[in-house]
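Student: Following is a predicted model, sequence given first.
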Number of protein chains: 2
Amino acid sequence: MGRSPSTPETRVAILGFGTVGSAVAHVLQAQQFPGVRLTHIYNRDIRRKRESERAAGLGADIVWTEHVDEVLQADVDIIVETIGGLDPIEEWLQMALRSGKHVVTANKQLIAYRGAGLLQLARDNNRALVYNAAVAGGVPVIPATLHGLQGDRITRLSGILNGTCNFILSHMEHGADYADVLQQAQTAGYAEADPTADVDGFDARAKLCILARAAMQVGLDPDEVPAQSIRSVSAVDFHYARELGCTVRQIARAELQGDTLLARVGPMLVPRSSPIAWSHGTENMVVTTGDFGGDVVFSGHGAGGNPTAVAIVSDLLAVAHGSSSVALPVRDCAVTGEFLAPYYLRFIVRDKPGIVSAISGALSGMGANIDSILQRPGYPKEALPFVVTTEPCLTSVVASAVEQIARMPTMLEPPLCLQMLTDDARD
Amino acid sequence: MGRSPSTPETRVAILGFGTVGSAVAHVLQAQQFPGVRLTHIYNRDIRRKRESERAAGLGADIVWTEHVDEVLQADVDIIVETIGGLDPIEEWLQMALRSGKHVVTANKQLIAYRGAGLLQLARDNNRALVYNAAVAGGVPVIPATLHGLQGDRITRLSGILNGTCNFILSHMEHGADYADVLQQAQTAGYAEADPTADVDGFDARAKLCILARAAMQVGLDPDEVPAQSIRSVSAVDFHYARELGCTVRQIARAELQGDTLLARVGPMLVPRSSPIAWSHGTENMVVTTGDFGGDVVFSGHGAGGNPTAVAIVSDLLAVAHGSSSVALPVRDCAVTGEFLAPYYLRFIVRDKPGIVSAISGALSGMGANIDSILQRPGYPKEALPFVVTTEPCLTSVVASAVEQIARMPTMLEPPLCLQMLTDDARD
């Protein structure tokens, strides 16, 4: 690379100078890690970035550029990618790896969809590709899993991996309305103008795939994982959840049963006694369950510039110190969304008499048994919400019954069907 | 080592075949990690161990020996030490490192008191000395800190690092008596016949020193850290703690203020809203606070054969794969137990009139201000417990006032003085 081996300096370039990229520059500037030097910053319209407040205090010798080739061809050791998205980023990082650069990225979609190919390319070029910042931001669940739980056999993961959904649902728990709190999250910068990736579960799903790869050594394609939106959850569901000793959270979960991986993302009922229910605001939380070590809980800030920058800079230091490599075999396994779990079904109906027996008939006809029927007083008869919970049954069984029930003429809205997380992992 | 470099097999010896050592053997046997082979087991009176139930199912070609030299001189790559204590273990591990073996250990006292010398010896011999199992058993807080939080500047650690104390105090919270629950813990194998190391804080203190080294890069001698026993905490303290929105836990805490490290271990009042209060039974929990990433919470099983074995085997795999090395600078810093914190003072007095003014006089004379005075009804006048909490003041200030108050003739017992953990780290 044109430098003598007696210079142990690691030269770092950042692609993208938004919230995360500028936070990485800021942390590097504040911490002054020996031997680590920020040399290049790439962004579109670089002049605006360079003159922004975020650029204040950064080293005067940094090269600011809007030509990515200038970075990819430069004498740098590590490329930090904070732009996101699949194209053209994949190609840029391929070029970086081929030209002998290590890569650190927070790009969850890229790693979830195209990680396998990039990792192979990194190995072929004897370079590191590290992405601990892609899951749970400042919560070091991937490094902890890779370095501290490799001796275990992790069979279950349950996590709150999307801070936006957690912000929305934990505020709804205290009475806020979905639309209001979404707008509040957008104003605060926690949610995008188009909230689809967050509320419909695609963001959490990509993270679950990356986490399952690290913790369970399974290759998992995001498109194989069923994702349910949180848009249909409403105030009444929190009332009924409370009556059931639960709350509602967007959960990403995976469970290994022999050679089959069960995986799902969506709003679920969570027992209030579970650590998962403790998380509030934009927090992220992951519970891993191992055959030998049992449950381990991780929580903290899952997003935001500084927490994500901590994960990126930690990766960068690991690469600089040569301690980032972990050999990860991948096991073959079938993927399914067929959990055996209890379900929460909420109906809004016009009229009551006969409804309960029709619903229970539809459920029992499919082989699903009712565990409880709840109807709180005080709702109008002409749009009456009521709730049925089932004993554990297969996802497809309850889905077929719900499809049948949805066609009943008294149903005013499509029924809401939420998986219930049980507390069995907790003593 | 007499083997050709084309054989990438890693040969492992275990020193000690008790609860942890036999669990390590069991996990290795169950998991069959490629390239890792258990070759030697050392214990005193080895015949009894070899014929025990725990030895069932282990490989027939394992060498069982009661002569440690046979292991230290053998062709093994990694020595796993699970015996504990300082001597003769330190000397054995020195011999192992000098003869080119890597060392994995769960020995917290050894690492806390003599880790610096052993780590230097490991570096001199280009070997790894890894000890993630020494703190919080199956909770991978050290690997997470080393690999995932190195980019942050961690300024505060609060932890529940002793499962025995947590078992005792979380049962006392629900009404159990100290002596009864200690005996229950002893029967269940959670507490030693001599519980001193646990209840008086020496175990947690050693772990705090190791953790502070990893998370804050401070060299900390356990003997510099004040440790308070939990023996003086009684049922009445849980009643008053509840009235203050708190519970009582044995906390190990360290806080970096400039070049000074504040550190202390002992029973403290913990807000019930804090994650620290969520831990129950023998669980361990650590909260780290970083300048950039904020709070991160880790919890899980802190002790027991299998969780500790997970940590050891994970270390072993990291060493086998060459990914265990983390360069850790050590910063110079002064150590003090002088926290600026609110305090909980519980008195048992014979008579009330005049007492409150005498106590408040003693406190204000030293410069400590009273925040609240609590006296629950229903206690006998002739042995009346009552509680004073202070506004934040220095540890030495409250200690001097308490010393003065203890000499008052109406005091029937030495006053109990507990630091109160505040919730400021949370939001």
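Tutor: That came in fine, so what should we check first?
Student: buried set for stretch A:395-404?
Tutor: Neighbour-count burial for stretch A:395-404 flags A:T395, A:V397, A:V398, A:A399, A:S400, A:A401, A:V402, A:Q404 (criterion: 16 or more other C-beta atoms under 10 Å in any protein chain shown). The C-beta positions use only the backbone N, C-alpha and C, and glycine is treated the same way.
Student: ok, the nearest residue in space to A:G18 that is not next to it in sequence to chain B distance?
Tutor: Leaving aside its sequence neighbours, A:G18 sits nearest to A:T82 (C-beta to C-beta, 6 or more residues apart in numbering or on different chains; 6.7 Å). As for A:T82, its distance to chain B is 14 Å (criterion: C-beta to the nearest C-beta, to the nearest Å).
Student: Likewise for A:I89?
Tutor: A:I89 is 22 Å from chain B, by C-beta to the nearest C-beta.
Student: give me every residue that touches that residue.
Tutor: A:I89 is in contact with A:L15, A:E81, A:I83, A:N107, A:L110, counting by C-beta atoms under 8 Å, 6 or more residues apart in numbering or on different chains.
Student: Which positions in the helix or strand harbouring the last one come out as buried?
Tutor: A:L110 is located in helix A:108-124, with elements delineated by DSSP states H and E. Neighbour counts over helix A:108-124 (16+ other C-beta under 10 Å) mark A:K108, A:Q109, A:L110, A:I111, A:A112, A:Y113, A:R114, A:G115, A:L118, A:L119, A:L121, A:A122 as buried.
Student: so does stretch A:23-31 get close to chain B?
Tutor: Yes: with C-beta under 8 Å from any C-beta of the partner chain as the criterion, chain B is reached by stretch A:23-31 at A:A23, A:V27, A:A30, A:Q31.
Student: Just the buried residues of those.
Tutor: A:A23, A:V27, A:Q31.
Student: Among those residues, which lie within helices?
Tutor: Judged by DSSP state H, helices contain the following of those: A:A23, A:V27, A:Q31.
Student: Serialize the residues you listed to TSV and add fields for pLDDT.
Tutor: Formatted as TSV, those follow (pLDDT from 0 to 100):
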residue	pLDDT
A:A23	97
A:V27	97
A:Q31	93
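Student: quick revisit: which single one of the buried residues of stretch A:395-404 is nearest to chain B?
Tutor: Nearest to chain B among the buried residues of stretch A:395-404 is A:T395, at 29.0 Å by C-beta to the nearest C-beta.
Student: Confirm for me that the closest one is in contact with A:C417.
Tutor: No: here A:T395 lies out of contact with A:C417, judged by C-beta atoms under 8 Å, at a distance of 9.1 Å.
Student: ok, the residue nearest to A:H147 when sequence neighbours are not counted - contacts?
Tutor: Spatial nearest neighbour of A:H147, excluding adjacent residues (C-beta to C-beta, 6+ apart): B:P143 at 3.7 Å. Under the criterion of C-beta under 8 Å, 6+ apart, the contact list for B:P143 reads A:P143, A:A144, A:H147, A:G148, B:N132, B:S314, B:A318.
Student: ok, now how distant is the nearest residue to the fourth one once chain neighbours are set aside from A:V233?
Tutor: Spatially, and ignoring its direct neighbours in sequence, A:G148 is nearest to B:P140 (2.3 Å; C-beta to C-beta, 6+ apart). To A:V233, B:P140 is 34 Å away according to C-beta to C-beta, to the nearest Å.
Student: how many other residues sit next to A:P222?
Tutor: With neighbours defined by other C-beta atoms under 10 Å in any protein chain shown, the count for A:P222 comes to 22.
Student: re the thing from before, of all the residues of stretch A:23-31 next to chain B, which comes closest to chain B?
Tutor: Using C-beta to the nearest C-beta, the residues of stretch A:23-31 next to chain B come closest to chain B at A:V27, 5.6 Å.
Student: Check whether A:E243 really touches A:P377, as I assumed.
Tutor: No: using C-beta under 8 Å, A:E243 is not in contact with A:P377, being 11.9 Å away.
Student: for chain A, what spans make up the helices?
Tutor: Under DSSP H, chain A gives helices at A:19-31, A:46-50, A:68-72, A:89-98, A:108-124, A:141-148, A:163-173, A:178-187, A:196-199, A:202-216, A:235-243, A:305-320, A:355-366, A:395-406.
Student: Reformat these as JSON lines; add distance to B:D61.
Tutor: Conversion of the helices of chain A to JSON lines gives the following (distance: least, C-beta to C-beta, whole Å):
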{"stretch": "helix A:19-31", "distance to B:D61": "50"}
{"stretch": "helix A:46-50", "distance to B:D61": "63"}
{"stretch": "helix A:68-72", "distance to B:D61": "53"}
{"stretch": "helix A:89-98", "distance to B:D61": "43"}
{"stretch": "helix A:108-124", "distance to B:D61": "34"}
{"stretch": "helix A:141-148", "distance to B:D61": "30"}
{"stretch": "helix A:163-173", "distance to B:D61": "52"}
{"stretch": "helix A:178-187", "distance to B:D61": "61"}
{"stretch": "helix A:196-199", "distance to B:D61": "54"}
{"stretch": "helix A:202-216", "distance to B:D61": "31"}
{"stretch": "helix A:235-243", "distance to B:D61": "56"}
{"stretch": "helix A:305-320", "distance to B:D61": "37"}
{"stretch": "helix A:355-366", "distance to B:D61": "55"}
{"stretch": "helix A:395-406", "distance to B:D61": "47"}
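Student: and among the ones you listed, the most buried is which?
Tutor: The highest mean neighbour count among these, using mean count of other C-beta atoms under 10 Å in any protein chain shown, belongs to helix A:141-148: a mean of 30.
Student: gap between the two ends of stretch A:81-89?
Tutor: 8 Å (C-alpha to C-alpha, to the nearest Å).
Student: got it, and stretch A:156-176?
Tutor: With C-alpha to C-alpha as the measure, stretch A:156-176 spans 32 Å from end to end.
Student: Contact partners for the residue nearest to A:G148?
Tutor: A:A144, A:T145, A:H147, A:G148, A:L149, A:V296, B:N132, B:F298, B:A311, B:S314.
Student: what separates it from A:R213, distance-wise?
Tutor: 18 Å.
Student: and if you look at A:L182?
Tutor: 31 Å.
Student: mind listing what A:I405 touches?
Tutor: For A:I405, the contact set (C-beta under 8 Å, 6+ apart) comprises A:L345, A:F347, A:A358, A:I359, A:A362, A:L363, A:M411, A:P415.
Student: Over to A:A193?
Tutor: Counting by C-beta under 8 Å, 6+ apart, A:A193 makes contact with A:Q186.
Student: B:A193 versus that one, what's the distance?
Tutor: 65 Å.
Student: returning to what we had before: of the contacts of A:I405, which is the nearest to chain B?
Tutor: Using C-beta to the nearest C-beta, those come closest to chain B at A:L345, 30.7 Å.
Student: The closest one contacts A:V388, correct?
Tutor: Yes: using C-beta under 8 Å, A:L345 is in contact with A:V388, at 4.7 Å.
Student: who touches both of these two?
Tutor: Shared contacts of A:L345 and A:V388 (C-beta under 8 Å, 6+ apart): A:I359.
Student: Please work out how many residues are found near A:P414.
Tutor: By other C-beta under 10 Å, 13 other residues sit near A:P414.
Student: Give me the nearest residue to it, chain neighbours excluded.
Tutor: Nearest one to A:P414, counting by C-beta to C-beta, 6+ apart, is A:A406 at 5.4 Å.
Student: same question, A:N162
Tutor: In this structure, A:N162 finds its nearest non-sequential neighbour in A:A204, 4.3 Å apart by C-beta to C-beta, 6+ apart.
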